[in-house]
Each structure stands twice: as structure tokens, then as C-alpha cells.
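K.L.:
have a look; sequence and predicted model below, questions after that.
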Amino acid sequence: MRLEAKKILIMRYRFIGDTVLTVPFLRNLRAAFPDARIDLMLEPFSGQVIEGCPYVDRIIPFELKTIHKYSTRSDRGRLGAYVHYGSLIRRERYDAVFVLKRSLSSALLVWAARVPRRIGFATEGRQFLLTDPVVYRHDQHEVENFLDCLRSLDIPVGSTDLELWTTPEQDAKARELFTSAGWKQGDLKVVIHAAASLPAKQWPLDRFAEIMRTLRDQYQARFVYTGAKGDAPLYESIETFGPFDGLNLCGVTSLRENIAVYRASDLFFGVDSGPMHMAAAAGVPVVALFGPTDERKWGPWGQGHSVVTKRLSCHPCKPHKCSDHACMDQITVADALAAVLVKVKSIPRRGVA
């Protein structure tokens, strides 16, 4: 049934990467409803990454502790939070809500708030709570799953590209950080990202160092580290294998300033993480290491990226329940280096004959 709506809510209140991957959905929704009020409910930390998005009118922070190490906790407690947000949704009198989060609780929340049209994935046994249940596919990328929520309503889907937004000041700060470090415009600038939300996604630090050593010796590469303040010691540990004189911006730059840093860099090499998706959205070639999660669903979206993975018999699994991390351990330095060198040689003025 065709959707008629003047006021729309989108719910995807979770991780940074999830937020980045909603952008094609948001762009196509806005194109279909140029005059509608569109609100987006997001976890506050993750919400920073999408500031400046022209496709939404308001970002509503959803504060509830999750398994993600960067998520926030509300003083209300879990039950109090759901009561609060249910009341908020009901007061706003939305015509429609896209429940892009796949939990039973999120569908129950908008059902209880009496939103007339409730579009979302038919997962977690919640079909009866939705007016428009959508098949969720595990064999395609999450971007396509989000877009299926539009296709199910015959809403046209045009461009599927990722994008993020920075200010001129943030772009200038990224350039200044590189200049202050003594880096030249022609230097090969590589973002190294070893931090992940869950230990099962991490790769041994000494192997990162081996990749960096080759890039330093063969290409005089410069390295930059980004993340939260708590991630800084991880990169200090990597430096003990060098040193590599990496520019450690953990806790120094904001999430949005990191987008500008990625855009000013030549390559992103790291693990499956929110920053990996940010880098892909910023237009930087990505070489990503994948273990417990399925790269078909969660890999860097777009052209020009590479994934290095080992598909074990247990793949994919729930990374927060994995105990031995064998899939990441089996990715060798040679595996990763081969993919990295292919990308480096394709960067203008970087290749060697």
C-alpha cells in the first residue's frame, strides 16, 4: 500500500557503522518525500557522525546502554527509557515510522505509541507489531536491506552511494594537523585502525606493525591513528614495535573531525569497525580485516575497497560470544600485505613500476 506521510520517524539507534549505512536510505526517502518532516532516532555518540545531514530535520538522541563500548547510559534505566521514548513518539503523532533496528523492543515501542504505519524487518517474531513487515536478508549488504524497506512500498531507489558531511573548519583542521606533524602533500598517508568494539574483531598488534614497517621502508608512509581517548594506549603499543612516528589523534579529534582526517588521507587499513565505514563514506580506499562478521553484510560499501577474511566453519558468528578469535588469528601478515600493496600501487603517484 502506498505511503502517505507528512511526518516520518526513522529508528536505528545503535552503532556508528549502522548510522553511516543508513545514509542512502535517508537520501532516497527524502527524495520521495521532499516536504515531509523526517526525524531520526539515534544513540548520541553515533549520532555525531551524521551531523550536517540534509535529509533529516531533527536527530533525537536515544540513550540506552548497549554492548558497544562507546554507547552511553541514561539515568532513567532501561524500563524508564522505553516509557520516556514511547511517550515522546506518541506526542509527536508521526504518520509513519521505519523501524530499521531489528529488535522486538523497537517494534513494540512504536506499536505501543500507536504510529499508524510501522515499516520494519520481519525479525525477532515481531511481524504482528508491524503494518508493513519486510523480509530481512542475510545474504546481502545492510545498505540493501535498508533500501528494501523503501522498495517494499514502491518508493524509488536512485543513488546508493555513501556520504558524510564536514565543515570547512574541520577540513582545515585535518590539513593543519598533517602540516604541523611535518607531513608533505605528496606523502603517503595511511590511517591505521586496530581498535574494534569487540575483542573478537581485533587483529594482533605485531602484525599491524609488520604491515606498517613495509609501508614505511618501501614508501616512506606516514601513519595516523584515530579513536576515543581510551584507544590511545593500543597505538602506543604498536609504536613499541617501530617506532613509526604515527600521529596519535585518539581523544584529540572529534568524530566529525576524523571524517575530515580520513578524507585527507590516501588509505585506510584496519579492522571491521565504525571508522571503517566512515572512511568508505569519506571516499578513501579501504582494506578491511574481517573475522566473525559477514563481509557480505558489513563490508565497506562502494567501489575500490578490499576485504581480507578467513571463512571458518563457524563463520559468521556472534562476535560478543566468540572465545578463541581463530578467524582473525588465521589472517596472516602476507594475506593483509598483499591487499594493502595492491591498493597503494593504485594510488596516483604512489605506484612503482
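P.N.:
Arrived safely, thanks for sending. Here the structure is a predicted model, which means the values were calculated and not measured.

K.L.:
how is the chain divided into domains?
P.N.:
Domain segmentation of the chain under automatic domain parsing yields 7-151, 168-346.

K.L.:
for those domains, please prepare TSV with the additional fields mean neighbour count.
P.N.:
In this view, the C-beta of every residue, glycine as well, is placed from N, C-alpha and C. TSV is the format used below for the domains of the chain (neighbours: other C-beta atoms under 10 Å):
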stretch	mean neighbour count
domain 7-151	18
domain 168-346	19
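
K.L.:
please name whichever of these is nearest to Thr160.
P.N.:
The closest of these to Thr160 is domain 7-151. By C-beta to C-beta, the value is 4.6 Å.

K.L.:
chain center to the closest one, what's the gap?
P.N.:
Centroid separation for domain 7-151 versus its chain: 15 Å, with C-alpha atoms, centre = their mean, to the nearest Å.

K.L.:
quick one: average pLDDT of it?
P.N.:
Mean per-residue pLDDT for domain 7-151: 88.

K.L.:
and the nearest residue to Leu164 once chain neighbours are set aside, how far is that from Arg27?
P.N.:
Excluding its sequence neighbours, the residue lying closest to Leu164 (C-beta to C-beta, 6 or more residues apart in numbering) is Ala281, at 4.6 Å. Applying C-beta to C-beta, to the nearest Å, the value for Ala281 to Arg27 is 12 Å.

K.L.:
can you show me the helices along the stretch 251-353 of the chain?
P.N.:
For the stretch 251-353 of the chain, applying DSSP state H, counting those that start in this stretch gives helices covering 255-263, 274-281, 295-298, 326-329, 333-346.

K.L.:
what helix or strand is the nearest residue to Asp95 once chain neighbours are set aside located in?
P.N.:
Counting by C-beta to C-beta, 6+ apart, the nearest residue to Asp95 once its immediate chain neighbours are dropped is Ala5, at 3.8 Å. Counting by DSSP states H and E, no helix or strand carries Ala5.

K.L.:
endpoints of stretch 289-300, how far apart?
P.N.:
In stretch 289-300, first residue to last residue: 10 Å (C-alpha to C-alpha, to the nearest Å).

K.L.:
Pro133 pairs with what?
P.N.:
Gly120 (DSSP bridges).

K.L.:
return the residues in contact with it.
P.N.:
Pro133 makes contacts with Gly120, Phe121, Ala122, Arg126, Gln127, as judged by C-beta atoms under 8 Å, 6 or more residues apart in numbering.

K.L.:
in terms of contact, does the fourth one touch Val110 like I think?
P.N.:
No: taking C-beta atoms under 8 Å as the definition, Arg126 is not a contact partner of Val110, at 10.4 Å.

K.L.:
rewinding a little: if you average pLDDT over each of the helices of the stretch 251-353 of the chain, which is lowest?
P.N.:
Among those, helix 326-329 scores lowest, with a mean of 88.

K.L.:
hmm, who's touching that helix?
P.N.:
Here helix 326-329 has contacts from 200-204, 271, 289, 291-292, 309-312, 314-315, using C-beta under 8 Å, 6+ apart.

K.L.:
packing partners for the helix or strand containing Gly17?
P.N.:
Per DSSP H and E: Gly17 is located in helix 16-21. Other helices and strands packing on helix 16-21, by 3 or more C-beta pairs under 8 Å, 6 or more residues apart in numbering; DSSP states H and E, are helix 44-47, helix 142-151, helix 274-281.
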